[in-house]
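Engineer: attaching a predicted model along with its sequence, questions to come.
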Amino acid sequence: MTHQSAKALGALRTAFRDDGVVYVPQALDAAAMALAEKAFAWSLHHPGPGASNVLAGRTGEFYQDHANPLALSAYRPLLFDTPLSALVAELLDSRHLWLLYEQIWLKDGGDTLRTPWHQDLPYVPLAGDHLATAWINLDPVVRERSLEFVRGSHRGPLYNPTAFDPDDPKAVMYGEGTWPALPDVDAERLVWPIESWPIVPGDVVIFHPAVLHGGAPTCGGARRRTISLRFFGDRAYCAARPQEGLAPEDQLAVGRPGWDDPMIEMARRPPGSLFRHPAFMQLC
């Protein structure tokens, strides 16, 4: 059970529906954060097939790992023995909830670059209202270096996603003209309803993966340990994604050697099919 009151949960549910993002201060107590620390440490010491040093050897280098198929047991206490899963299910108003995958970032030492504005949903073959990501930081984050969100942008459209190419910030994932181009949010910051929050350990930001977001750089001498847990509920469906412009190894329907990824099967299913696979751990 969550420790939020029914009134507070109702307000959060409405805000999530309308804005696509909510800030929940002290959603996790000290015991829950200790479980988050253990889960992060496990991921750090057990790299999966998706682990990488982003910008290795270059300014702004940081470490990330995601969707480690061996991570489920390490994350079970955080998911089952804290209010987190129940809170997400309540926000989605979903009877059932599944974990899509976990992701960690370690930004330690030098300055890291600002993450470009993007949506998470274009990278996965997934659609629906019952989708959410929980952004959990194990270290304090000042507002100026926190993740930023464009309220309401989860209602569409989906934009041609960034390729995260440090040499070409305008490089996109799919072929030109496949989807609308990403807007230049930073060039018109006063036009967009941008929201962010300072974070202390225990706070959780929960957002729909279609919402535009970016930012969260670090400065020299600061350490940032972050967990993102990605969830889906009852109203989650398979969705088609473009293949134009993608290298063969990036095409979900083809898959990557040595990575038993259930997302591949989801990408091959008819659009509109229920998004379900036994590899995704059911939480409630």
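Structural biologist: Sure thing, it's come through. Numbers count the residues shown, from 1 in each chain.
Engineer: would you map the helices across the stretch 1-150 of the chain?
Structural biologist: 6-19, 30-45, 72-80, 84-92 (DSSP state H, counting those that start in this stretch).
Engineer: which outside residues touch the longest one?
Structural biologist: What it means is helix 30-45. 28, 63, 65, 68, 71, 74-75, 77-78, 81-84, 102, 104, 106, 136, 138, 201-202, 225, 227 (CB atoms under 8 Å, 6 or more residues apart in numbering). Heads up, the C-betas are built off the backbone N, CA and C, glycines and all.
Engineer: restricted to strands, list the residues you listed.
Structural biologist: In strands, defined here by DSSP state E, the members of those are Y63, D65, E102, I104, L106, I136, R225, I227.
Engineer: dump those residues into JSON lines; add neighbour count as well.
Structural biologist: Converted to JSON lines, these look like this (neighbours: other CB atoms under 10 Å):
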{"residue": "Y63", "neighbour count": "17"}
{"residue": "D65", "neighbour count": "20"}
{"residue": "E102", "neighbour count": "24"}
{"residue": "I104", "neighbour count": "23"}
{"residue": "L106", "neighbour count": "18"}
{"residue": "I136", "neighbour count": "26"}
{"residue": "R225", "neighbour count": "19"}
{"residue": "I227", "neighbour count": "21"}
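Engineer: farthest-separated two in these?
Structural biologist: Maximum pairwise distance among the ones in strands among the contacts of helix 30-45 (CB to CB): 16.6 Å, between Y63 and I136.
Engineer: which pLDDT value belongs to the closest residue to H277 other than its chain neighbours?
Structural biologist: The shortest distance from H277 to any non-neighbouring residue, by CB to CB, 6 or more residues apart in numbering, is to P262 (4.3 Å). As predicted, P262 sits at a pLDDT of 91.
Engineer: from what I can see P262 touches R276, true?
Structural biologist: No: in this structure P262 lies outside contact range of R276 using CB atoms under 8 Å: 9.8 Å.
Engineer: strands of the stretch 51-200 of the chain, start to end?
Structural biologist: Secondary structure of the stretch 51-200 of the chain (DSSP state E, counting those that start in this stretch): strands located at 52-54, 62-66, 97-108, 115-118, 126-127, 131-137, 147-150, 194-195.
Engineer: please name every helix or strand in contact with the fifth one.
Structural biologist: This points to strand 126-127. Applying 3 or more CB pairs under 8 Å, 6 or more residues apart in numbering; DSSP states H and E, one finds that strand 126-127 contacts strand 237-238.
Engineer: downstream of the strand it packs on, the next helix or strand is which one?
Structural biologist: Next helix or strand after strand 237-238 toward the C-terminus (DSSP states H and E): helix 262-268.
Engineer: next one: that next one to chain centre, how far?
Structural biologist: Between the centre of helix 262-268 and the centre of its chain there are 18 Å (CA atoms, centre = their mean, to the nearest Å).
Engineer: now do stretch 88-107: distance to the chain's middle.
Structural biologist: With CA atoms, centre = their mean as the basis, stretch 88-107 stands 9 Å off its chain's centre.
Engineer: what's the first-to-last distance across it?
Structural biologist: 26 Å (CA to CA, to the nearest Å).
Engineer: average model confidence for it?
Structural biologist: 97.
Engineer: from what I see, G109 and G220 are in contact.
Structural biologist: Yes: using CB under 8 Å, G109 is in contact with G220, at 7.0 Å.
Engineer: looking at these two now, which is surrounded by more residues?
Structural biologist: Legend: neighbour count by other CB atoms under 10 Å for G109 and G220, higher for G109 (13 against 8).
Engineer: from the ones in strands among the contacts of helix 30-45, pick the one nearest D167.
Structural biologist: Distances from D167 to the ones in strands among the contacts of helix 30-45, taken by CB to CB, are shortest for Y63, at 20.2 Å.
Engineer: mind checking how far the residue nearest to P157 when sequence neighbours are not counted is from G128?
Structural biologist: Nearest residue to P157 in three dimensions, chain neighbours excluded: P180, at 5.4 Å (CB to CB, 6+ apart). According to CB to CB, to the nearest Å, P180 and G128 sit 20 Å apart.
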